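Trainee: A predicted structure for the sequence below; I have some questions about it.
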Amino acid sequence: MKCLIDGCDGVAKVRGLCSICYGAANASIRIGRTTWKELEDMGLSYKPQHKGSGLGAFAKAFKEKTSPITVAKIT
């Protein structure tokens, strides 16, 4: 999916934004210029999606592919 921002040809990664536009949006939020809610209302960002993707899905898949770690007790 293409980045939500007009004139940007990046691939959307988070909230409909490419990594560069997401970084710029996040920087504006950190310095108090705007909020995610304001960006959503202006059509410059989507709400975060929680559909089982991301780290949770990665962690589950990783756990299934790796063997449990054995911890040795030192006496």
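Mentor: Done, it's in.
Trainee: what's in contact with stretch 36-48?
Mentor: Leu4, Ile5, Val14, Arg15, Gly16, Leu17, Ala25, Ile29 (CB atoms under 8 Å, 6 or more residues apart in numbering). Yep, even glycine has a C-beta here, placed from its N, CA and C like the rest.
Trainee: so which elements touch the helix or strand in which the last one is found?
Mentor: Counting by DSSP states H and E, the element that carries Ile29 is helix 19-30. Identification of packing neighbours for helix 19-30 by 3 or more CB pairs under 8 Å, 6 or more residues apart in numbering; DSSP states H and E yields helix 36-41.
Trainee: ok, and the closest non-adjacent residue to the residue nearest in space to the middle of the chain?
Mentor: Geometric centre of the chain, nearest residue: Val14, 4.4 Å, by CA atoms, centre = their mean. The spatial neighbour of Val14 that comes closest, neighbours along the chain excluded (CB to CB, 6 or more residues apart in numbering), is Tyr22 at 5.1 Å.
Trainee: thought that neighbour was touching Arg15?
Mentor: Yes: judged on CB atoms under 8 Å, Tyr22 makes contact with Arg15 at a distance of 6.6 Å.
Trainee: looking at this structure, which helix or strand is least sure?
Mentor: Lowest by mean pLDDT, DSSP states H and E among the helices and strands of the chain is helix 55-65, with a mean of 72.
Trainee: list the contacts of the closest residue to Ile20 other than its chain neighbours.
Mentor: Leaving aside its sequence neighbours, Ile20 sits nearest to Gly10 (CB to CB, 6+ apart; 5.9 Å). Residues counted as contacts of Gly10 (CB under 8 Å, 6+ apart) are Lys2, Cys3, Leu17, Cys18, Ser19, Ile20, Cys21.
Trainee: between these, which has the most around it?
Mentor: Leu17 (24 neighbours; other CB atoms under 10 Å).
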